[in-house]
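*Asks:* For reference, the sequence and a predicted model appear below.
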Amino acid sequence: MFCPCCMENHEVQIHKVIEKNVYKNYEISYDAEYCYCPVADEYYANEEQIQSNFKNMDDAWHELV
């Protein structure tokens, strides 16, 4: 897989974390997923992960209100 962090082709690791965020004036926690580049020691999210992470955040907000 091409890694946009180090600009090389290598296996990218997927890490799942619990994010905490303030969304619409509520502090919420939700599951999020990021790619990790061990070459650059950087985390990043691809387009699919950005959309999924936002949906998880919005769903967590809906559970509170």
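*Replies:* Arrived safely. This one's a predicted model, so the numbers in the text were calculated from it and none came from an experiment.
*Asks:* if I pick the nearest residue to Met1 once chain neighbours are set aside, what's in contact with it?
*Replies:* Closest residue to Met1 apart from its sequence neighbours, by CB to CB, 6 or more residues apart in numbering: Val12 at 5.2 Å. For every residue, glycine as well, the C-beta is placed using N, CA and C. By CB atoms under 8 Å, 6 or more residues apart in numbering, the contact list for Val12 reads 1, 3, 35-37.
*Asks:* In the chain, where is pLDDT below threshold?
*Replies:* By pLDDT under 70, the chain has no low-scoring segment.
*Asks:* Tell me which stretches of it form strands.
*Replies:* 2-3, 8-9, 13-23, 26-37, 42-44 (DSSP state E).
*Asks:* for the longest one, packing partners?
*Replies:* Other helices and strands packing on strand 26-37, by 3 or more CB pairs under 8 Å, 6 or more residues apart in numbering; DSSP states H and E, are strand 13-23, strand 42-44, helix 47-64.
*Asks:* Also the third one?
*Replies:* Packing contacts for strand 13-23, counted by 3+ CB pairs under 8 Å, 6+ apart, involve strand 26-37, helix 47-64.
*Asks:* one more time with 6 Å, if that's ok
*Replies:* The helices and strands touching strand 13-23, judged by 3 or more CB pairs under 6 Å, 6 or more residues apart in numbering; DSSP states H and E, are strand 26-37.
*Asks:* Within its sheet, name the partner strands of the strand it packs on and how each one runs.
*Replies:* Partners of strand 26-37 in the sheet, by DSSP bridges, are strand 13-23 (antiparallel), strand 42-44 (antiparallel).
*Asks:* returning to that earlier point: distance to Ser29 and mean neighbour count added to the helices and strands packed on strand 26-37, as CSV?
*Replies:* Below are these laid out as CSV (distance: least, CB to CB, whole Å; neighbours: other CB atoms under 10 Å):
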stretch, distance to Ser29, mean neighbour count
strand 13-23, 5, 11
strand 42-44, 18, 14
helix 47-64, 7, 13
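*Asks:* for the ones you listed, which one sits closest to Met7?
*Replies:* Judged by CB to CB, the one of these that comes nearest to Met7 is strand 42-44, at 11.8 Å.
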